[in-house]
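Participant: Fold the following and give me the result.
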Amino acid sequence: MSRSSSIAFAGALAAAFAGAAPAHAHTIVGNRVFPATLTIDDPGVNDELALPAFTYMAAANYDGTLGSLSYTFGWEYSKTITADLGISVGSGGFTWQRNPQAAGWANIETQLKYVFYQNAEHEFIISGAVNFEWGHTGSGQSSSLPSDPYTTVTPKLYIGKGFGDVGVDWAKPFAITAEADYSFSTHPITATLQQDPNTGINYIQLDQTPTVLTYGATLQYSLLYMNSYVHEVPEIFRRLIPAFEGVFSTPVSNIGPSVEGQWTHTTTGVVGPSLYYIGNYFQIGVMAQFPINQASGKHVGAAAVLDFFLDDIAPDTIGKPLFGPPQARPGRI
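Facilitator: Residues are numbered from 1 along each chain as shown. Reported below is the predicted structural model:
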């Protein structure tokens, strides 16, 4: 696999471990609160600040031995333009790696997101987005942990559905969210002039950057919803939303031939339980991330996020849309 392909494949692995892009937000549809989950983005647009977003993952070498240990601190700022249209800017942030030692900054990412449809009565929402990871905005190619030198474009689709409209009380706290992304490089094939060190002969090397499909989902059980609309729960549990979630990345094109000792054609991903605390002005989320195969990691990793609700902290200034009224959110707590 070429150097460019290696960088892109590493990006696909990072997306599987931490979710595509550092996108974290919470969405309210009717009485339903969809938290800022750690593997995929939520389906709404909001005024929020995620800082920090943390991930830890232990990679595996092809022979099964322990690979690199990575600690990443990212961030994201989201701003509503209208009640249904929002922009965000963020980054995977800084990664410190051990075994071997390396460090570097991820590229800056921007995203435009639009809510196509939502139904408060049925707690249903569908939205789409276009994300740009801008090449050359992170650590340079001379860094011990360089970022991708080329821009990556990612169309995205989101859905969310709460089950508060079903007829049985035990099912009402359940909700699901899902996301699908299709990431491609602005430079899928690059040509560089190389020289054979043995013969001194110049040759053209073609490098490929894979196109990657990333997809994930969450199953949530909201004790916050249960306490408000079904029956009371003990106070210590009233603001909690436990969930089970997962995200997966599959290289789908521009991959090149299979190479022994490399996972160029392998689907990677993580699954695991998570827990979210929803406060009046912030959210805390934690997750245990279990790799689905050796290509995804050596053993369980971890992720966490602290998310500030600017639309609740400053609803009349930085927390309101630039144009038009704010989104109706009767489910605020």
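
Participant: Could you check how far Pro188 is from Thr211?
Facilitator: 7 Å (Cβ to Cβ, to the nearest Å). Placement of C-beta: from N, CA and C, glycine included.

Participant: Kindly report the same for Ala106.
Facilitator: For Ala106, the distance to Thr211 - Cβ to Cβ - is 20 Å.

Participant: If you count surrounding residues, which of the two has more?
Facilitator: Using other Cβ atoms under 10 Å, the more surrounded residue of Ala106 and Thr211 is Ala106, with 23 against 19.

Participant: Thr95 is in contact with the more buried one, correct?
Facilitator: Yes: contact between Ala106 and Thr95 holds when scored by Cβ atoms under 8 Å: they sit 6.8 Å apart.

Participant: what touches both of these two?
Facilitator: Counting by Cβ atoms under 8 Å, 6 or more residues apart in numbering, the shared contacts of Ala106 and Thr95 are Thr72.

Participant: what do Pro188 and Thr211 both touch?
Facilitator: Asn254.

Participant: can you point me to the longest strand in the protein?
Facilitator: strand 66-82 (DSSP state E).

Participant: Quick one: distance of that one to the chain centre.
Facilitator: Relative to the centre of its chain, strand 66-82 is centred 8 Å away, using Cα atoms, centre = their mean, to the nearest Å.

Participant: C-terminal to that strand, what's the next element?
Facilitator: Next along the chain after strand 66-82, taking DSSP states H and E as the criterion, comes strand 85-98.

Participant: Would you mark the buried spots in that next one?
Facilitator: With burial defined by 16 or more other Cβ atoms under 10 Å, the residues of strand 85-98 counted as buried are 85-88, 90-95, 97.

Participant: So which residues of the stretch 201-333 of the chain form strands?
Facilitator: 202-208, 211-221, 240-253, 268-278, 282-291, 299-309 (DSSP state E, counting those that start in this stretch).

Participant: and the shortest one, what does it pack onto?
Facilitator: Spelled out, it's strand 202-208. helix 3-18, strand 189-195 (3 or more Cβ pairs under 8 Å, 6 or more residues apart in numbering; DSSP states H and E).

Participant: Give the partner strands of the helix or strand following the longest one in its sheet and their orientations.
Facilitator: Right, the one you point to is helix 3-18. Toward the C-terminal end, the helix or strand that comes next after helix 3-18 (DSSP H and E) is strand 27-29. In the sheet, strand 27-29 lines up against strand 32-34 (antiparallel) (DSSP bridges).

Participant: Just the residues contacting the partner strand, thanks.
Facilitator: For strand 32-34, the external contacting residues (Cβ under 8 Å, 6+ apart) are 26-28, 42-44, 123, 125, 160, 162, 164, 175, 177, 220, 222, 224-225, 241, 278, 331, 333.

Participant: Just the buried ones from the residues you listed?
Facilitator: Neighbour counting with 16+ other Cβ under 10 Å marks 26-28, 42-44, 123, 125, 160, 162, 164, 175, 177, 220, 222, 224-225, 241, 278, 331 as buried within the contacts of strand 32-34.

Participant: Go through the helices and strands packed on strand 202-208 and find the least confident stretch.
Facilitator: Across the helices and strands packed on strand 202-208, helix 3-18 has the smallest mean pLDDT, namely a mean of 40.

Participant: quick one: low-confidence parts of the stretch 151-300 of the chain?
Facilitator: Residue ranges of the stretch 151-300 of the chain with pLDDT under 70: 258-261.

Participant: and with 90 instead?
Facilitator: By pLDDT under 90, the low-scoring segments of the stretch 151-300 of the chain are 167, 187-209, 254-265.

Participant: cool, the stretch 1-150 of the chain as well?
Facilitator: Looking at the stretch 1-150 of the chain by pLDDT under 90, you get 1-26, 62-64, 141.

Participant: repeat that for 50
Facilitator: Within the stretch 1-150 of the chain, the stretches with pLDDT under 50 are 1-23.

Participant: since we're on Ile108, how many residues are nearby?
Facilitator: By other Cβ under 10 Å, neighbour count at Ile108 equals 17.

Participant: hey, what's it bridged with?
Facilitator: Applying DSSP bridges, one finds that Ile108 bridges with Ser91.

Participant: ok, it - contacts?
Facilitator: Residues near Ile108 by Cβ under 8 Å, 6+ apart: 89-91, 133-134, 137-138.

Participant: same deal with Gln97?
Facilitator: For Gln97, the contacting residues are 68-71, 103, 145, by Cβ under 8 Å, 6+ apart.

Participant: Relative to Pro197, which of those residues is nearest.
Facilitator: Nearest to Pro197 out of those is Leu145 (Cβ to Cβ; 25.6 Å).

Participant: Looks like the closest one contacts Gln101 (just checking).
Facilitator: No: using Cβ under 8 Å, Leu145 is not in contact with Gln101; the gap is 9.6 Å.

Participant: and those two? which has more neighbours close in?
Facilitator: Taking other Cβ under 10 Å, Leu145 and Gln101 do not tie; Leu145 has more neighbours (20 against 10).
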